[in-house]
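Colleague: structure, please.
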Amino acid sequence: MNQALDTLQNITFNELQEGDTATYSRTLTEDELILFALVSGDVNPVHLDAEFASGSPFKERIAHGMWSGSLISAALATVMPGPGTIYLEQSLSFRRPVMLDDTLTVRLTVLSKEAKARVVIGCEVTNQDGKQVVTGEARIIAPTVRMSLPRPKLPRITIDY
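Modeller: From the prediction side, this is the model:
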């Protein structure tokens with residue numbers, strides 16, 4: 001397997017520069033939608049019940065807004081700055097719904113560096129059509145020590161319907 005895929009490496013506060021960017025992508029599957037509902041406790045029928053959702057403004061089930069937000073968290077934790085990042089704040093503006101099988105790409109941009117290793121990062125999430133679904137800003141404490149760690153092996157989870 002590719003060494004880069006098996007390893008998480010961070011970018012330290014001193015290495016980060018204003019204008020630096022990074023991306024992270026993920027596709028919303030039926031299983032992920034169900035697992036997010038289970039873990040979060042958000043069982044709003046607009047996410048889980050096709051018949052109910054058909055009467056909504058979107059006419060079909062939509063993803064939890066915070067699923068998109070969680071991708072920003074994943075990007076910060078695994079891509080830029082990566083391991084050792086401490087999340088302080090996040091603003092989110094939901095621009096359009098995310099549907100099953102949509103592939104979202106998070107684009108992080110370093111906006112500014114502040115005292116005490118704090119960094120403001122612009123966050124934009126787009127779908128596979130390049131349409132903006134979420135925007136916002138994150139404030140984090142960037143790691144100050146360079147790290148390279150093995151990517152954790154997560155257990156396989158199956159869902160019985």
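Colleague: where does the protein have low pLDDT?
Modeller: Applying pLDDT under 70 to the chain flags residues 1-4.
Colleague: spatially central residue in it, please.
Modeller: Nearest to the mean C-alpha position of the chain, by CA atoms, centre = their mean, lies residue 71 at 0.9 Å.
Colleague: could you point out the longest helix in this protein?
Modeller: helix 65-78 (DSSP state H).
Colleague: for the helix or strand following that one, name the packing helices and strands.
Modeller: Downstream of helix 65-78, the next assigned helix or strand under DSSP states H and E is strand 86-94. If you count contacts as 3 or more CB pairs under 8 Å, 6 or more residues apart in numbering; DSSP states H and E, strand 86-94 packs onto helix 65-78, strand 118-126, strand 132-141. Glycine gets a C-beta too; all of them are placed from N, C-alpha and C.
Colleague: can you list the strands that strand 86-94 pairs with?
Modeller: Paired strands of strand 86-94, with direction, are strand 132-141 (antiparallel) (DSSP bridges).
Colleague: each with direction, which strands does the following helix or strand past the partner strand pair with?
Modeller: Using DSSP H and E, the next helix or strand after strand 132-141 towards the C-terminus is strand 148-150. The strands beside strand 148-150 in its sheet (DSSP bridges) come out as strand 7-9 (antiparallel).
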